[in-house]
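*Asks:* structure for the following, please:
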Amino acid sequence: MTRNRNYQDLPSILQNLLKKYDLAEAVNSELIFSRWESLVGNKISKQCKPVEINNGELVIQAKNNIWKQELALRQKELLNLLNGRIKSSLVKKIKII
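*Replies:* Residues are numbered from 1 along each chain as shown. Got it, this is the predicted structure:
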């Protein structure tokens, strides 16, 4: 008897299942909301929070105009940080309110 030696690691299996059942976007969205502080750091998380993700646009609510401006200046950096940490390209644009 021969065994099938085409093993996959568990993360690969999970990624394939998420894609197959079209759940990857929902899981990645939930990661952003549930792990916001660990994703962006304590300083930013105290001053702003994610509100929603709709069609690749992440809406972030800032506490005041100073933080709106700060986030606007760091928008590209924040976009790359979030997508890098969740290992996805879910967020394509950031809107700051």
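*Asks:* could you find the closest non-adjacent residue to the most centrally placed residue in the chain?
*Replies:* The centroid of the chain falls nearest to residue 32 when counting by C-alpha atoms, centre = their mean (4.3 Å). Nearest residue to residue 32, sequence neighbours excluded (C-beta to C-beta, 6 or more residues apart in numbering): residue 50, at 5.7 Å. C-betas here are computed from N, CA, C, even on glycine.
*Asks:* per-residue confidence for the one you found?
*Replies:* pLDDT for residue 50: 97.
*Asks:* same thing with residue 3?
*Replies:* pLDDT, read off for residue 3, is 63.
*Asks:* with residue 91 instead?
*Replies:* At residue 91, the pLDDT recorded in the model is 94.
*Asks:* can you tell me the SS state at the residue nearest to the centre of the chain?
*Replies:* Following DSSP: H, G, I helix; E, B strand; the rest coil, we place residue 32 in the helix state.
*Asks:* who's in contact with it?
*Replies:* With contacts defined as C-beta atoms under 8 Å, 6 or more residues apart in numbering, residue 32 is in contact with 39, 50, 53, 58, 82, 86, 90, 91.
*Asks:* give the full set of residues in contact with the nearest residue to residue 64 once chain neighbours are set aside.
*Replies:* What sits nearest to residue 64 in space, not counting adjacent residues and going by C-beta to C-beta, 6+ apart, is residue 47, at 7.9 Å. Shown in contact with residue 47 (C-beta under 8 Å, 6+ apart): 62, 63, 64, 67.
*Asks:* select from those residues every entry located in strands.
*Replies:* residue 62 (DSSP state E).
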